[in-house]
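fold the following for me, if possible:
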Amino acid sequence: MADLLLKLKKANLVGRGGASYPVWQKWQAVNDAILNPLAVGDSGQAGKFVVCNCSEGEPGVHKDGYIISHHAERIINGMKLAIEYLGAKQGIFYLNSNYYRNFKKLLENEIVKSGAPIVLFEKLHIAGYIGGEETTLLNVIEGGRPEPRLRPPFPTTHGLWNQPTLVQNVETYYDISLVASNEYESKRFIGVTGDCMFEGVYEFLATSTIEEVLKATKNYPNFDFFVQIGGDGSGEILNHKQLKVPASGCGSIHVYSVMKYRPHELIQGWVRFFKNESCGKCTPCREGTNRLVNILAESRPDWSMIKMLLDNLRDTAFCGLGMAVPIPIETYIKNVIAVFDEKILKLTSVERQLILATFKVK
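Okay, the predicted model is just below:
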């Protein structure tokens, strides 16, 4: 098993949850962590844990479901390898309600065949999008409130029941299994959705660009468009001239027709998502997203106030959810509103110039 860590290092495998942290380093951190004998797990004694995060609550992201339906054996094998390497007490497969309902029998069969000490856990519906954040899911599994923890300490040393815990997502465990069997080819699963002909989940080399993915899948539009990468809520917005960048790490590509959507409606939709999914723990996120929704509902939004609230969220929100609110809005303004004509955008010239001046975009 010692060879597996070296294989993960040589493969340069990084986590597929978005942070792109080297897998071998996270394994090493959990392996080196000391058990806390005073923190008792639900089993009645201390031990390390391995968690598979299959919350996948970001709108427009469906790749985990695809991977489970096609490669369940690989995912369970990846978890088993982690359990064995770390000497973990138990593996916990954390699934959102839809996936739990659809794949429960399939995964249970694979768990039985593997002989690994893995159990399925259905994520509470009330946990929502924030329930996919790695410290929040630990609280949910423990029966606590669905809200993020203060870090440090990190789950690698103080995770489930205050014990060292490895938390990685579905695609990462799938890749771990491939690395172990010398079949890893540095590929990524990427979902393509939106205003395109062939929605679906595709597998590409990590070096493939967004443009190459869209063209290879015959989803490159012949009209003015932009894309949102990483999810339809918190994802970054790029215009059609910015797509020669690696698709690796984005997980999903959503295509938008420029003429089809009004700026106010798009921005309102993103902000409403964050408002609905906020756990309410911190004031900047709880109150800030609510204020943004109300301001954007006005016939003449106060863009100066919108910018101030976005800056405040980025600088003071407790967790990544609040910090992510500005990402789609500011990149949409910079990469779409600043690039396309106001007639195509369905904005008046006065409001367009006001928005660009407020956000200091030329």
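
now Glu185: how far from Phe204?
Using Cβ to Cβ, to the nearest Å, Glu185 is found at 10 Å from Phe204. (Glycine included, C-beta is placed from N, CA and C.)

also Thr172?
17 Å.

those two: who's more crowded?
Neighbours were counted for Thr172 and for Phe204 using other Cβ atoms under 10 Å; Thr172 has more, 24 against 18.

excluding its backbone neighbours, what's nearest the more buried one?
What sits nearest to Thr172 in space, not counting adjacent residues and going by Cβ to Cβ, 6 or more residues apart in numbering, is Arg16, at 4.7 Å.

next, the buried residues of the strand or helix carrying Leu106.
Assigned by DSSP states H and E, Leu106 belongs to helix 97-114. Residues of helix 97-114 classed as buried: 99-100, 103, 107-108, 110-111, 114 (neighbour count, 16 or more other Cβ atoms under 10 Å).

same question, stretch 282-296
When burial is assessed from 16+ other Cβ under 10 Å, stretch 282-296 yields the following buried residues: 282, 284-286, 288-289, 291-292, 295-296.

would TSV of the residues you listed with pLDDT, secondary structure and distance to Glu142 be doable?
Output for the buried residues of stretch 282-296, formatted as TSV (pLDDT from 0 to 100; DSSP: H, G, I helix; E, B strand; the rest coil; distance: Cβ to Cβ, whole Å):
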residue	pLDDT	secondary structure	distance to Glu142
Cys282	89	coil	21
Pro284	88	helix	26
Cys285	92	helix	23
Arg286	92	helix	23
Gly288	94	helix	28
Thr289	95	helix	27
Arg291	96	helix	33
Leu292	96	helix	32
Ile295	95	helix	37
Leu296	93	helix	37
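
closest one of those residues to Thr157?
Nearest to Thr157 among those is Cys282, at 24.0 Å by Cβ to Cβ.

was I right about the closest one contacting Gly320?
No - taking contacts as Cβ atoms under 8 Å, Cys282 lies outside contact range of Gly320: 11.7 Å.

the helices in the stretch 101-250 of the chain, which residues?
134-141, 170-180, 210-216 (DSSP state H, counting those that start in this stretch).

so where is the stretch 1-150 of the chain shaky, pLDDT-wise?
Filtered on pLDDT under 70, the stretch 1-150 of the chain yields the residue ranges 1-2, 38-45.

quick one, longest helix in this structure?
As assigned by DSSP state H, the longest helix anywhere in the chain is helix 63-86.

any buried residues in it, and which?
For helix 63-86, the neighbour count (16+ other Cβ under 10 Å) marks 63-68, 71-83, 85-86 as buried.

pull up the pairing partners for the longest strand anywhere in the chain, direction included.
When the chain is parsed with DSSP state E, its longest strand is strand 187-194. The strands beside strand 187-194 in its sheet (DSSP bridges) come out as strand 200-205 (antiparallel), strand 252-257 (parallel).

pLDDT averaged over it - what is it?
For strand 187-194, the mean pLDDT works out to 95.

need the residues that contact it.
Outside strand 187-194, the residues within contact range by Cβ atoms under 8 Å, 6 or more residues apart in numbering are 16, 60-63, 66-67, 171, 198-206, 208, 213-214, 217, 219, 227, 232, 247-256.

try stretch 333-340
With Cβ under 8 Å, 6+ apart as the test, stretch 333-340 has contacts from 224, 226, 237-239, 241-242, 258, 263, 345, 347, 352, 355-356, 359, 361-362.

residues of that stretch that come out buried?
Neighbour counts over stretch 333-340 (16+ other Cβ under 10 Å) mark 333-337, 339-340 as buried.

just stretch 310-326 next, same as before
Residues 310, 312-314, 317-319, 321-326 are the ones in stretch 310-326 that count as buried (16+ other Cβ under 10 Å).

how about it as CSV, C-alpha atoms only?
What follows is stretch 310-326, C-alpha atoms only, in CSV (Å, rounded to 0.1, in the frame of the first residue of the first chain):
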residue,chain,number,x,y,z
LEU,A,310,-20.5,42.3,-3.2
ASP,A,311,-17.3,43.7,-1.9
ASN,A,312,-18.5,43.1,1.6
LEU,A,313,-19.4,39.5,0.9
ARG,A,314,-16.1,38.8,-0.7
ASP,A,315,-14.1,40.3,2.2
THR,A,316,-16.2,39.2,5.3
ALA,A,317,-18.3,36.2,4.5
PHE,A,318,-17.6,33.2,6.8
CYS,A,319,-17.4,30.6,4.1
GLY,A,320,-17.0,30.0,0.4
LEU,A,321,-20.7,30.4,-0.4
GLY,A,322,-20.8,34.1,0.5
MET,A,323,-17.4,34.7,-1.0
ALA,A,324,-18.6,33.2,-4.3
VAL,A,325,-21.6,35.6,-4.8
PRO,A,326,-19.5,38.2,-6.6
